[in-house]
Structure formats: structure tokens, C-alpha cells
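Q: Okay, predicted coordinates and the sequence, questions at the end:
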Amino acid sequence: MVITKPSELRNIVLVVETDDLTALKLIALEFSARSYSVVSGKTSDGGRFKEMLILSPRGHGVLVFEYNQSQ
């Protein structure tokens, strides 16, 4: 595909759920990916979440999250 106009640009977002965000962050660093601060909070249904953006060495972004339902 050849992009000839700015209006043809498309953002692609990859969102991945993991059971262990900390372990995934360490793996990403082993592959020279950059990771950013972990954001955490509580959802409206009482669950807890943590999320982080990882950038590959070639600039591809992946939003990774961990979600734990309330007990």
C-alpha cells in the first residue's frame, strides 16, 4: 500500500491483556523495548487495573493491561 495523502494515514493500536504486567515489562526491556510508567486504578465495577505503553525499537506501540476483578 502506498500512502499518497495525509488523509490516508491510519493509526493502528494493539491492546494486549496479561496476567503479570511486571513480568511482561521485564521481558520487553530484554528486547530493547521502551516501557513507560504503569498507571493503575479502580474500574466502575470494583475491579483493579494496571496499564502501560510499550514501544518496540522500531516505534510500534502496544498498550498492555492487567485486570483483576473484585472479589
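A: Sure thing, it's come through.

Q: okay, CA-based contacts and neighbour counts for the rest of this
A: OK.

Q: The residue nearest in space to the middle of the chain in helix, strand or coil?
A: Nearest to the mean C-alpha position of the chain, by CA atoms, centre = their mean, lies residue 63 at 1.5 Å. Look at residue 63: counting by DSSP: H, G, I helix; E, B strand; the rest coil, its state is strand.

Q: go on, residue 58?
A: The three-state assignment at residue 58 reads coil, by three-state DSSP.

Q: can you pull up the bridge partners for the residue nearest to the centre of the chain?
A: For residue 63, the beta-bridge partners are residue 15, residue 53 (DSSP bridges).

Q: any idea how far residue 17 is from it?
A: The gap separating residue 63 from residue 17 is 9 Å, by CA to CA, to the nearest Å.

Q: where in this protein is pLDDT low?
A: For the chain, the stretches with pLDDT under 70 are 1-12, 70-71.

Q: Please repeat the previous calculation with a cut-off of 80.
A: Across the chain, the ranges flagged by pLDDT under 80 are 1-13, 70-71.

Q: Would you map the strands across it?
A: Counting by DSSP state E, the chain has these strands, from start to end: 14-17, 34-35, 39-42, 48-55, 61-68.

Q: Output the contacting helices and strands for the first one.
A: What that stands for is strand 14-17. Counting contacts by 3 or more CA pairs under 8 Å, 6 or more residues apart in numbering; DSSP states H and E, strand 14-17 packs against strand 61-68.

Q: quick one, the strand it packs on and strand 48-55 angle?
A: 160 degrees (axes from the mean of the first three to the mean of the last three CA atoms, to 10 degrees).

Q: now what about strand 61-68, what contacts it?
A: Here strand 61-68 makes contact (CA atoms under 8 Å, 6 or more residues apart in numbering) with 13-21, 47-55.
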